[in-house]
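Enquirer: take a look and give me a structure for this.
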Amino acid sequence: MAFEVRASSPGDVSPGPLREHTPSPSPENTDARSFLEHRSDEELVRLVQLGRGEALDVLLDRYRTLVRAKARSYFLVGADREDIVQEGMIGFFKAIRDFRDDRPSSFRAFAEMCVTRQMITAVKTATRQKHIPLNSYVSLDKPIYEDEFSERTLLDVLGDEVEADPLVHLVREEERRELGEKLREILSDFEKNVLLLYLDGNSYQEIAERLGRHVKAVDNALQRIKRKLERLLKTSPEERGR
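Expert: You can find the predicted model right below:
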């Protein structure tokens, strides 16, 4: 299975909608594929930029595993794993579009940078998009941990699991401070460290390396934090004070 990119003109490599297609098993296609598989990444990129879609198929086969591997290190609020993979593929197409062979870096290095950058951007902005219901109803403009240097808020880690009347989730200034105080009480030291690093845009792998723990431990901690935050948001201010 391969992907077809419909370019309006040579050099137009768009990260827009992809259409899967099954190449015809003709001798001509087989010979062309064999020829392309022996080309370097840089040569294939140049061919794609000239409008050769079959060269893109070869590049996709080479890099699909890399994109999926990188996607495992990131968590996209309100989305599933395939969404972050798609973000990585968008970064990959941007790398093909923007790569210039007169630069010192290889295409692989440039592609990895573009894929990673696209995923990080998606993670940082996901909770600010209109398609996530929670963010339409909760004020998220100020961090709960006012004594920390994170520009994002603790509510950024929540997805769209909390479903209720929007008016219930209008968080006033004093409620936000109270929520932060309560959260400090119920999170372990490890969970606090994981949360702060995550809010600063670090990937699971980066957090694990910083804290000297396994990636799975980081993932489990974030899941616990989300559940605790969800329970807090479902309780009234009076109940939180008990």
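Enquirer: now Asp83: which helix or strand?
Expert: Secondary-structure element containing Asp83, defined by DSSP states H and E: helix 81-98.
Enquirer: give me the helices and strands touching that helix, please.
Expert: Judged by 3 or more C-beta pairs under 8 Å, 6 or more residues apart in numbering; DSSP states H and E, helix 81-98 is in contact with helix 41-49, helix 53-71, helix 107-125. All C-beta spots, glycine's among them, are computed from the backbone N, C-alpha and C.
Enquirer: need the winner for burial among these.
Expert: Stretch with highest mean neighbour count among the helices and strands packed on helix 81-98: helix 41-49 (a mean of 20; mean count of other C-beta atoms under 10 Å).
Enquirer: buried ones in the helix or strand harbouring Leu222, by neighbour count?
Expert: Element membership for Leu222, per DSSP H and E: helix 215-234. Of all the residues in helix 215-234, those buried under the rule 16 or more other C-beta atoms under 10 Å are 215, 217-219, 221-222, 224-226, 229, 232-233.
Enquirer: next, format those as a markdown table and append distance to Thr65 and pLDDT.
Expert: Shown next, in a markdown table, are the buried residues of helix 215-234 (distance: C-beta to C-beta, whole Å; pLDDT from 0 to 100):
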| residue | distance to Thr65 | pLDDT |
| --- | --- | --- |
| Val215 | 18 | 89 |
| Ala217 | 25 | 91 |
| Val218 | 23 | 90 |
| Asp219 | 21 | 87 |
| Ala221 | 27 | 88 |
| Leu222 | 25 | 84 |
| Arg224 | 31 | 86 |
| Ile225 | 30 | 81 |
| Lys226 | 29 | 79 |
| Leu229 | 34 | 75 |
| Leu232 | 39 | 69 |
| Leu233 | 38 | 66 |
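Enquirer: hey, C-alpha coordinates of the helix holding Leu222 in CSV?
Expert: C-alpha atoms of helix 215-234 as CSV (Å, rounded to 0.1, in the frame of the first residue of the first chain):
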residue,chain,number,x,y,z
VAL,A,215,8.9,6.0,29.9
LYS,A,216,6.1,3.7,31.1
ALA,A,217,6.4,5.2,34.6
VAL,A,218,6.0,8.7,33.1
ASP,A,219,3.0,7.6,31.1
ASN,A,220,1.4,6.0,34.2
ALA,A,221,2.0,9.1,36.2
LEU,A,222,0.3,11.4,33.7
GLN,A,223,-2.7,9.1,33.5
ARG,A,224,-3.0,9.2,37.3
ILE,A,225,-2.7,13.0,37.2
LYS,A,226,-5.4,13.3,34.6
ARG,A,227,-7.7,11.1,36.7
LYS,A,228,-7.1,13.2,39.8
LEU,A,229,-7.7,16.4,37.9
GLU,A,230,-10.9,15.1,36.5
ARG,A,231,-12.1,14.1,39.9
LEU,A,232,-11.2,17.6,41.3
LEU,A,233,-13.1,19.3,38.5
LYS,A,234,-16.2,17.2,39.1
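Enquirer: packing partners of it?
Expert: When contacts are defined as 3+ C-beta pairs under 8 Å, 6+ apart, helix 215-234 sits against helix 173-186, helix 189-199, helix 204-211.
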